[in-house]
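>>> Quick one, what's the 3D model for this:
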Amino acid sequence: VYFPCPFLDRKSDRAKRCMLLNSRCSTLCLDEPRIRDYFIFSFVRDPVSRFYSGLIQTVKEFCNYAPDEESRKLYCGNGEIPSHVIEEMLLDIRNKSQIPNRHLETQSLSLSSPVEIDGAERMLPIDYIGRVENFVPDFYRVLQRIEAHSGIPLPDFDPQILHAKVNEDKSSKARFAKSRSPELDELVRSVYHQDLACFT
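Model prediction:
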């Protein structure tokens, strides 16, 4: 979990331990009073649809720095990414021969961010985890929990204004119309089995 942290003294010893190169902060930047005071929540997504969406984001970033013409032809533009390329990538992730970027790392890893509590490194305590596929009622529960946590009453509004019809991106459907298959989806489930165990 990475985030902006205007509260942090950039010259402090804590900042040296917890800040990243892009000036974003890791959860190690949070001191104990903030950890106790914050209401920390997150939303997770079906691992299969998230993988394909994350793959598109990964390819977009890669194409900004594509090293050669062959790579640009294979990955860039609006063409379909071949299934054997996706399969090789998944196998590399499973065999740990390739370190996935933030778009392709497991959600369980992303949410296992370390914090310092009582002088020891522990996992970030998360108050609530919702599902993107159940966004409207889950987010309303988040607001209710925040109300209970902070004492600040919720505004009077119809929760349906939060309505978010969450489907796979049209762009991901187009990019994987031919290459995606039940067998490839099963490989995704195998690679991201920890997310399936934790969040489904």
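>>> Now for residue 43: which residues touch it?
Going by Cβ atoms under 8 Å, 6 or more residues apart in numbering, residue 43 touches 129-132, 135, 138-139. Where you see a C-beta, it was placed from the backbone N, CA and C, and this is true even at glycine.
>>> what secondary structure does it sit in?
strand (DSSP: H, G, I helix; E, B strand; the rest coil).
>>> Pairing partners for it in the sheet, please.
Counting by DSSP bridges, residue 43 forms beta bridges with residue 130.
>>> Let me know the next secondary structure element after the lowest-mean-pLDDT helix or strand in the chain.
Averaged element by element with mean pLDDT, DSSP states H and E, the chain has its least confident helix or strand at helix 170-175 (a mean of 62). Next helix or strand after helix 170-175 toward the C-terminus (DSSP states H and E): helix 182-191.
>>> any idea which helix or strand comes after that next one?
helix 193-199.
>>> low-scoring pLDDT stretches of the chain, where are they?
Residue ranges of the chain with pLDDT under 70: 21-22, 66-67, 74, 77-79, 98-100, 157-175.
>>> Can you tell me the centre-most residue of it?
residue 107 (5.7 Å; Cα atoms, centre = their mean).
>>> Please verify my assumption that that residue contacts residue 51.
No - between residue 107 and residue 51 there is no contact under Cβ atoms under 8 Å: 10.5 Å.
>>> show me the residues around the residue nearest to the centre of the chain that make contact.
Taking Cβ under 8 Å, 6+ apart, one finds 44-45, 47, 50, 195, 198-199 in contact with residue 107.
>>> Tell me the one of those residues nearest residue 31?
Using Cβ to Cβ, residue 44 is the member of the contacts of residue 107 that lies nearest residue 31, at 26.5 Å.
>>> Contact partners for the closest one?
Shown in contact with residue 44 (Cβ under 8 Å, 6+ apart): 107, 111, 129-132, 195, 199.
>>> mind redoing it with 7 Å?
107, 129, 131-132, 199 (Cβ atoms under 7 Å, 6 or more residues apart in numbering).
>>> Who wins on neighbours among the residues you listed?
residue 107 (19 neighbours; other Cβ atoms under 10 Å).
>>> Quick check: it vs residue 55, distance?
15 Å (Cβ to Cβ, to the nearest Å).
>>> And for residue 80?
Taking Cβ to Cβ, one finds residue 80 at 12 Å from residue 55.
>>> So which of those two has more stuff around it?
In terms of neighbours (other Cβ under 10 Å), residue 55 is the more surrounded of residue 80 and residue 55; the figures are 22 against 14.
>>> hang on, the more buried one in a helix?
Yes - assessed with three-state DSSP, residue 55 lies in a helix.
>>> can you tell me which residues contact it?
residue 104.
>>> Just the strands from the protein, written as ranges.
2-3, 25-26, 41-44, 114-117, 120-123, 128-131 (DSSP state E).
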